[in-house]
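>>> give me a model of this one.
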Amino acid sequence: MVSGILPGLGTDRVMTLKWAPFQTMDPCIGLHSMLTAKSVSDARQAIEHLNIISLNIVFGHSDGTIGWRVSGRIPVRSSGDGTLPYVVTGSEDNWVGYIPSDQMPHSLNPERGWVGTCNHKTIRQDYPFYYSSHLSPSYRYERLKELLDSPHRKAAENHWEYQRDTMNLMAKRIVPVMANALLSHQATKAMGEILCRWDYRDDPDQAAPTVFQAVYRHFALLVFQDELGEDLAKTMLGNWYFWQERLQAMVLEGTSPWFDNVKTDKMKETRDELFFQAGLKAAQDLGASLGKDPEQWLWGKVHQMEFVSPIRRKGFGKAWLGGGSHPAPGSCETLYRGIYEFNQPFGVTVSASLRMVADLSDEDKLLAVLPGGVCGRLFHPHTKDQVKAFMNGDKVFWWFSDKAIKDHSRAILNLSPQ
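Residues are numbered from 1 along each chain as shown. Purely as a prediction, here's the structure:
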């Protein structure tokens with residue numbers, strides 16, 4: 001029994017939910033088998049037992065085999081698709097089974113020579129089952145394709161750089177339209193000029209990402225809140241997956257019934273008029289916190305990543321136990337993950353939990369850095385000594401061979417039973 005299942009929609013309903021992981025949980029969770037797999041066949045069998053969560057899992061073998069499979073079990077429904085709750089009126093619900101394991105999305109040694117996912121739509125139009133309607137916009141995967149489809153050979157260092165790539169393909173498409181609308185008015189001309197000079201990278205030392213994100217956020221509110229009301233509009237816009245590509249299509253098309261404010265009888269608002277209004281609202285917000293000069297509205301000033309200890313997430317002592325706040329690259333749309341909450345801009349709430357690149361021809365080491373450190377013990381020197389490396393992109397190695405471990409050891413911890 002679950003209450004509060006649809007926050008923001010103002011419902012007092014209590015729902016009884018059927019949960020696929022509970023229905024299909026295997027005595028063997030599968031994760032430990034995945035971690036100890038010695039072959040592609042072992043990995044595939046382990047993934048078939050990993051039913052507690054649906055994940056895109058990519059794997060590679062030192063013989064050159066690469067693959068991707070989805071874990072978890074997805075219900076097959078006799079009616080409906082799971083987007084909205086299904087009302088059960090009798091003794092039977094609408095679940096009639098699960099997508100067979102061999103028909104779950106997967107790929108093995110594709111002709112293009114690589115596999116990768118960004119939580120995007122991975123199924124074709126002719127896929128015979130309903131899979132999901134809650135999928136990441138395609139921007140990050142499209143950027144991944146640009147990088148991996150480039151002709152040169154990719155080394156481990158290239159993949160390390162790709163995880164920190166800040167190219168924003170959504171902005172690349174929308175900014176020409178937005179900038180033109182802002183340039184048409186003296187009050188927002190300076191913002192339009194900043195956007196015109198932008199290379200579309202969400203870097204901390206640039207003002208353009210701040211201008212774009214702030215203006216586009218207010219634009220989205222202006223598009224939807226007159227029809228939906230402010231609260232419902234914010235609830236919908238709070239989930240990036242539902243609206244980003246739909247709104248982009250409307251912007252690029254140029255016209256949409258949603259652009260007109262239904263509360264104004266004597267005029268019909270256009271896309272460009274809403275961009276101008278959004279620019280004025282963004283300038284008011286940013287001016288109050290960062291000053292009147294748009295050139296000083298640097299992305300790193302508002303888009304920050306804060307490292308906190310689970311022991312003290314807020315209040316007195318938070319800064320002492322945590323790793324501090326740092327200017328953060330990236331955004332929701334870049335390979336460098338830097339998601340912020342739409343309704344609480346612009347601090348980072350979701351980023352990478354681990355950056356790792358493994359060269360399967362190198363048995364001594366791999367590239368890996370944690371956003372903190374490798375020790376969970378409070379006040380231990382290795383609790384947060386990787387924060388700087390994580391933020392700066394410094395290369396950190398994890399050593400594997402006995403010789404490499406011995407050569408690079410700085411300290412030895414002996415655990416002796418009492």
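>>> and the helices in the stretch 301-418 of the chain?
318-321, 387-392, 402-408 (DSSP state H, counting those that start in this stretch).
>>> what of the stretch 151-300 of the chain?
Along the stretch 151-300 of the chain, the segments classed as helices by DSSP H, counting those that start in this stretch run 156-162, 169-183, 189-196, 208-228, 230-237, 240-253, 271-290, 299-302.
>>> where does the prediction get shaky in this protein?
Counting by pLDDT under 70, the low-confidence segments of the chain come to 5-9.
>>> longest strand anywhere in it?
Longest strand in the chain by number of residues, with DSSP state E as the criterion: strand 344-350.
>>> just the CA coordinates for that one, please, in CSV.
Extracted in CSV, the C-alpha atoms of strand 344-350 (Å, rounded to 0.1, in the frame of the first residue of the first chain):
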residue,chain,number,x,y,z
GLN,A,344,15.3,24.5,-7.6
PRO,A,345,17.9,25.8,-10.0
PHE,A,346,20.9,25.4,-10.5
GLY,A,347,22.7,23.2,-8.0
VAL,A,348,23.8,19.8,-9.1
THR,A,349,21.6,17.0,-7.7
VAL,A,350,22.7,14.1,-10.0
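>>> looking at the helices of the stretch 301-418 of the chain, which is buried most?
Comparing the helices of the stretch 301-418 of the chain by mean neighbour count (mean count of other CB atoms under 10 Å), helix 387-392 comes out on top with a mean of 17. In short, each C-beta sits where N, CA and C put it, glycine included.
>>> keeping just the C-alphas, turn that one into PDB.
Taking Å, rounded to 0.1, in the frame of the first residue of the first chain, the C-alpha atoms of helix 387-392 are listed here in PDB:
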ATOM      1  CA  VAL A 387      37.200  15.400  -4.600                       C
ATOM      2  CA  LYS A 388      39.800  17.600  -6.300                       C
ATOM      3  CA  ALA A 389      40.800  14.900  -8.800                       C
ATOM      4  CA  PHE A 390      37.100  14.200  -9.500                       C
ATOM      5  CA  MET A 391      36.300  17.900 -10.200                       C
ATOM      6  CA  ASN A 392      39.500  18.600 -12.200                       C
END
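>>> between the helices of the stretch 151-300 of the chain, which gets nearest to Pro345?
Set against Pro345 and scored by CB to CB, the helices of the stretch 151-300 of the chain come closest in helix 208-228, at 6.3 Å.
>>> and that closest one, how far out from the chain's middle?
Distance of helix 208-228 from the chain centroid (CA atoms, centre = their mean, to the nearest Å) equals 19 Å.
>>> do the same with stretch 285-294
Chain-centre distance of stretch 285-294: 28 Å, with CA atoms, centre = their mean.
>>> that one: which residues count as buried?
When neighbours are counted by 16 or more other CB atoms under 10 Å, the buried residues of stretch 285-294 are found to be 285-286, 290, 294.
>>> what is the end-to-end distance of stretch 300-314?
21 Å (CA to CA, to the nearest Å).
>>> show me what the longest strand of the chain is packed against.
When contacts are defined as 3 or more CB pairs under 8 Å, 6 or more residues apart in numbering; DSSP states H and E, strand 344-350 sits against helix 208-228, helix 299-302, strand 304-307, strand 339-341.
>>> which of the ones you listed sits most buried?
For the helices and strands packed on strand 344-350, ranked by mean neighbour count under the definition mean count of other CB under 10 Å, the leader is helix 208-228 at a mean of 23.
>>> now the angle between helix 230-237 and it, please.
Between the direction of helix 208-228 and that of helix 230-237, the angle (axes from the mean of the first three to the mean of the last three CA atoms, to 10 degrees) works out to 130 degrees.
>>> need the CA coordinates for helix 208-228. PDB is fine.
Provided in PDB are the C-alpha atoms of helix 208-228 (Å, rounded to 0.1, in the frame of the first residue of the first chain):
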ATOM      1  CA  ALA A 208      26.200  31.500 -21.900                       C
ATOM      2  CA  PRO A 209      25.100  28.300 -20.200                       C
ATOM      3  CA  THR A 210      23.600  30.300 -17.400                       C
ATOM      4  CA  VAL A 211      21.700  32.600 -19.800                       C
ATOM      5  CA  PHE A 212      20.500  29.600 -21.800                       C
ATOM      6  CA  GLN A 213      19.300  27.500 -18.900                       C
ATOM      7  CA  ALA A 214      17.700  30.400 -17.100                       C
ATOM      8  CA  VAL A 215      15.900  31.800 -20.200                       C
ATOM      9  CA  TYR A 216      14.700  28.300 -21.300                       C
ATOM     10  CA  ARG A 217      13.500  27.400 -17.900                       C
ATOM     11  CA  HIS A 218      11.300  30.600 -17.800                       C
ATOM     12  CA  PHE A 219      10.200  30.000 -21.400                       C
ATOM     13  CA  ALA A 220       9.000  26.500 -20.500                       C
ATOM     14  CA  LEU A 221       6.900  27.900 -17.600                       C
ATOM     15  CA  LEU A 222       5.400  30.500 -19.800                       C
ATOM     16  CA  VAL A 223       4.500  27.900 -22.400                       C
ATOM     17  CA  PHE A 224       2.600  25.700 -20.100                       C
ATOM     18  CA  GLN A 225       1.500  27.400 -16.900                       C
ATOM     19  CA  ASP A 226      -1.400  29.400 -18.300                       C
ATOM     20  CA  GLU A 227      -3.100  26.200 -19.400                       C
ATOM     21  CA  LEU A 228      -2.000  23.900 -16.600                       C
END
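>>> all good on my end, thank you.
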